[in-house]
Structure formats: C-alpha cells, structure tokens
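> missing the sequence, but the structure's below:
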C-alpha cells in the first residue's frame, strides 16, 4: 500500500514571556495601632491641660473679682466735661442760664464709691456700710440750667436724644416719672454715663459719671484722701 506525502506539521507555539513584576504603590504606610494610640494620648493631654488652666483662672477671677482699670482722675474729669459739652450742644437751649444756687451749682468730685468685687467679698455687700476698695474712685461732674420752661425742657430732651443717637450715642432711657423726664446716654466707646433731667421750677440738670477706676500712686490727694481734680470746665456759650 502506497502512502501519500505527509501533511506538514503546525509550527510550535512559542512560550509566553515571563510576567513583569508589579511595582509597589508609593505613599506613606498606614499608621499602626501603636502610633495611633500615642497621637490620641498626646492630644487628650494637651486638651486637659488647657481646660484645667482655664478653669483655674475662671475660679480665681470669680473669687477675687476683676481688677479695676487704671486711669488718671484729672484726665477723666476733663473727658467728662467734654462729653457734657456735647450734651449741652444737643439740647440747644441758648437762652438758658447757669443755676449757681447752693444746692444746684456746678460741681465736680472724685469719690471712693467703688465696692470690692468677687465672691470673697460677697458678704460685705449685705452690710449697712459696704467697704469701698481703697485707691479706686469714680469721677463725676454736674451743672444745672435755669429759666427752662417745662415745655421747652421736654422739647430739648427729645431733640438731644435724636441728635445724640445720630452721633452714635446709646440712649438707654427716656422716661417720665414724678414730673421728671430723664435722658440717660452713653457716649461712643463707653466709660461714662451722662444724664439730662428736667426738674421742677424750670430747671434742667446735666450730670456725668465715669466708671470706677484705680488711680496711680503718684496722684495728689486732698484732705479727704480723694484725688484732687482740676477746675471744672463749663460748656462754651453757657450764660451765667
């Protein structure tokens, strides 16, 4: 039996190329459990320290009270006179005259009328004569106008309230009681309170009082132990 020629065989399949190694992903390695615990512990310690310091300072402030600011009484008195000048201008009473009577004449004073602060002195406040803190005073100034009819006084106070609000003053009270209308104002920046009151008998009083402040040790004092003040400056244009 005669065989025909053999069919050519299929070429051999070449082997697959070796797999290339995959590079490891770059970036920080995740923190382990030990590192996480250390970070949390440090944060909690810092927070506890801040809270304890804040609580200690707050408790001490509650017990001892806040310290009064330091201010020169003479400078404070001049500042009050300047503010009173602004109130006088806002009242716009050019025909009014200065009342220099014995009980209503102009005056200026520095008084020790500032109590101790803080819980450590709470019991003292309930006494008949609460003690005042030494070296701390409040400065005040007052003058009174006369020949101001009741209707003119009422109009002047309303006019002053409008004008002072326009200038940025805080008008905190404008009420009528016992035939007396009172205008209570605080100038921009605070530090003092000024009053304008319509009084019986055709009079209108203007007073100013500064907040309590400790005066420097070098401040000259008078026979009463309170700081000496320069002469009072009455408003420009005030008839006498």
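Structure's in. What do you need? Fair warning: this is a prediction, and the values are worked out from it, not measured in the lab.

> What pLDDT does the model give residue 112?
Taken from the predicted model, the pLDDT recorded for residue 112 is 84.

> Repeat that for the one 4 residues further on.
With respect to pLDDT, residue 116 scores 70.

> Please report how far it lies from residue 193.
Shown here: residue 116 relative to residue 193, a distance of 21 Å by Cβ to Cβ, to the nearest Å. To be clear about C-beta, it is placed using only N, CA and C from the backbone, and glycine gets the same treatment.

> What of residue 146?
24 Å.

> tell me the contacts of residue 171?
Residue 171 sits next to 161, 164-165, 183-185 when contact means Cβ atoms under 8 Å, 6 or more residues apart in numbering.

> what's the next secondary structure element after the longest strand seen in the chain?
When the chain is parsed with DSSP state E, its longest strand is strand 136-146. Beyond strand 136-146 in the direction of the C-terminus, DSSP states H and E gives the next helix or strand as helix 150-166.

> and the angle from that following helix to strand 136-146?
For helix 150-166 against strand 136-146, the angle by axes from the mean of the first three to the mean of the last three Cα atoms, to 10 degrees is 130 degrees.

> which other helices and strands contact helix 150-166?
Other elements packing on helix 150-166 under the criterion 3 or more Cβ pairs under 8 Å, 6 or more residues apart in numbering; DSSP states H and E are helix 73-91, strand 170-177, strand 180-186, strand 192-199, strand 203-210.

> I'd like to know which of these is closest to residue 217.
Ranking the helices and strands packed on helix 150-166 by their distance to residue 217 (criterion: Cβ to Cβ) puts helix 73-91 first, at 12.7 Å.

> List the buried residues for the closest one?
73-74, 76-81, 83-88, 90-91 (16 or more other Cβ atoms under 10 Å).

> what helices or strands is it leaning on?
Using 3+ Cβ pairs under 8 Å, 6+ apart as the contact criterion, the secondary-structure elements in contact with helix 73-91 are strand 107-111, strand 136-146, helix 150-166, strand 192-199, strand 203-210.

> now the very next helix or strand once past that helix: mean pLDDT?
Note on helix 73-91: by DSSP H and E, the next helix or strand toward the C-terminus is strand 97-98. Averaged across strand 97-98, pLDDT comes to 95.

> Endpoints of stretch 181-199, how far apart?
Between the opening and closing residues of stretch 181-199 we find a distance of 8 Å, counting by Cα to Cα, to the nearest Å.

> Flag every buried residue along it.
181, 183-187, 191-199.

> Show me which of the residues you listed is closest to residue 151.
Residue 151 has its nearest neighbour among those in residue 198, at 10.0 Å by Cβ to Cβ.

> For the closest one, list each beta-bridge partner.
The bridge-partner assignment for residue 198, based on DSSP bridges, gives residue 181, residue 204.

> Then residue 173?
Note on residue 173: beta-bridge partners residue 184, judged by DSSP bridges.

> Could you report the neighbour count for it?
Residue 173 has 11 neighbours, counted by other Cβ atoms under 10 Å.

> Among the helices and strands packed on helix 73-91, show me which one is buried the most.
For the helices and strands packed on helix 73-91, the largest average neighbour count (mean count of other Cβ atoms under 10 Å) is found in strand 136-146, namely a mean of 23.

> Just give the strands next to that strand in its sheet, each with its orientation.
According to DSSP bridges, strand 136-146 has the following sheet partners: strand 97-98 (antiparallel), strand 107-111 (antiparallel), strand 203-210 (antiparallel), strand 213-214 (antiparallel).
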